[in-house]
Every structure is written in structure tokens, then in C-alpha cells.
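S.K.: predicted model and sequence follow; I will ask about them next.
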Amino acid sequence: GIRFEALPPLPPVVSIKITPGQVTSKEFNFDIRVSHAVCSTSSCFESSVQKDANVAMGLNCKAFIQPVGDNKCNYGNAKAHMPCKKWDNFFDGTKASDVQTYLSLTDKDDQLATGKYEILYNCYYGEQSQTKF
């Protein structure tokens, strides 16, 4: 016979390639890449086709942006705009395909939302991790 061990899949790996101290534009590409064994490309969420396929297989990143030190903003009350913005899978399918992975840094009035922010995320494959953001 044979012996083997069944293990849960490893969690996705998130890398942020561009980490500027300041951003002055309304759109910014942090070049966030999510890699996992189920993905066939260098980043699991680089296009709407890849995002949809990988989400269907159980890969997800719940993400939001909040002002640094803000304890009122959380994933549950994050909206579509800054300063408390939901950004699942680091992807915005409502934008043109060449900027869907860029973070929009605008408020509800389409103005640059100035301030100090942090991106919080919880990426998982299969069951959602109990790890906090």
C-alpha cells in the first residue's frame, strides 16, 4: 500500500510591489499580486476573466482601505469610495480594463481623498480565514 497525508491548501500569498510614501493621483497602481496554486497567471486577479475563475474556485481577498487610526471604518461598513472603501480582490470591475487593478483614491464627489491610509486584507482559499484584517 501507500501512505499519504491530506493537508488543507496553503493560503494565497499577497505581494505589494509598489509602496510609495505619498500618492498624488486619483488612481494608483500598487501592483498588488495574489498568487496561489489554483491560479494559472502571475497574479490571480489581474483581469476580470482571471478574477471570476479564481473566485469561482474559492479564492478570495476581502480588502478595504481606511484612514490610519480610524476605528470606525471596517470591512462591514466600507463603501465604494474613499475614505472608507471596500476593494475586494484588489479589483474594480466597473472601470476600464487597463485600470481595474488600480486603487481609486477619490471620495463620493470624485475629488482626491487626502490623508494617511492603510490597506487591510484577508485572503483565503476555500473557507474564509478567521484571521482578522
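M.R.: Sure, I can see it. Numbers count the residues shown, from 1 in each chain.

S.K.: quick one: contacts of stretch 71-88?
M.R.: Stretch 71-88 is contacted by residues 60-67, 70, 103-108, 113, 115, 117, 119-120, 133 when judged by Cβ atoms under 8 Å, 6 or more residues apart in numbering. For glycine as for every other residue, the C-beta is placed from the backbone atoms N, C-alpha and C.

S.K.: average pLDDT for it, rounded please.
M.R.: Averaged over stretch 71-88, pLDDT sits at 96.

S.K.: what are the buried residues along that stretch?
M.R.: 73, 75, 78, 81-88 (16 or more other Cβ atoms under 10 Å).

S.K.: re earlier: buried members of the contacts of stretch 71-88 into ChimeraX, please.
M.R.: Selection of buried members from those for ChimeraX, criterion 16+ other Cβ under 10 Å:
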select :60,61,62,63,64,65,66,67,103,104,105,113,117,119,120
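
S.K.: ok, the residue nearest the centre of the chain - contacts?
M.R.: Closest residue to the average C-alpha location of the chain: residue 90 at 2.9 Å, with Cα atoms, centre = their mean. Residues near residue 90 by Cβ under 8 Å, 6+ apart: 30, 32, 34, 45, 61, 63, 101, 103, 121.

S.K.: can you pull the phi/psi pair for it?
M.R.: Per-residue torsions, residue 90: phi 50, psi 40 (degrees, to the nearest 10).

S.K.: how close does the residue nearest to residue 9 when sequence neighbours are not counted get to residue 62?
M.R.: Closest residue in space to residue 9, ignoring its immediate chain neighbours: residue 125 at 5.0 Å, by Cβ to Cβ, 6 or more residues apart in numbering. Distance from residue 125 to residue 62, counting by Cβ to Cβ, to the nearest Å: 13 Å.

S.K.: intersection of neighbour lists for these two?
M.R.: Residues touching both residue 125 and residue 62 (Cβ under 8 Å, 6+ apart): there are none.

S.K.: before we move on, the earlier item: how close does the residue nearest to residue 9 get to residue 25?
M.R.: From residue 125 to residue 25 the distance is 33 Å (Cβ to Cβ).
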